[in-house]
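A.B. asks: Can you look at this prediction? I've put the sequence above it.
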Amino acid sequence: MVTALCFITAEPNRVADVGAEIARIPQVRVVYSVTGELDIVAIVEVPELEAVPDVVTDRIGAVPGVLTTQTHIAFRTYRPEDLGAGFSLGY
């Protein structure tokens, strides 16, 4: 599974509509409205790397009101429960 973090800027008066529309895309796991230079962060999960452009460019980028996207692919996930398990292996 490939996880991508998609940073989105939207037309100022369309942020809520854009976020709701992006949340309807099946490969989008969660959508956050955020403060700062971005308006929205969408977490995308797809089975293979080649599917990321299909979701980001063809689906997210086509949502009316989306101005720009910037996508980052996650290499690893660090969760407290995973870190604790790693230290207790074999002991």
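C.D. replies: Arrived safely. Since this is a predicted model, take the numbers as computed values, not measurements.
A.B. asks: residues making contact with the helix or strand hosting Thr68?
C.D. replies: Element membership for Thr68 (DSSP states H and E) is strand 66-73. Residues outside strand 66-73 that contact it (Cβ atoms under 8 Å, 6 or more residues apart in numbering): 2-11, 18, 44, 49, 52, 56-57, 60-61. The C-beta positions use only the backbone N, C-alpha and C, and glycine is treated the same way.
A.B. asks: Would you list the buried entries among the residues you listed?
C.D. replies: Applying 16 or more other Cβ atoms under 10 Å to these, the neighbour count classes 3-4, 6-10, 18, 44, 52, 56, 60 as buried.
A.B. asks: now, the most widely separated pair of those residues?
C.D. replies: Thr3 and Ala10 (21.8 Å; Cβ to Cβ).
A.B. asks: In this structure, what residue spans correspond to strands?
C.D. replies: Along the chain, the stretches classed as strands by DSSP state E are 2-10, 28-33, 40-46, 66-73.
A.B. asks: closest one to Glu81 among these?
C.D. replies: strand 2-10 (17.1 Å).
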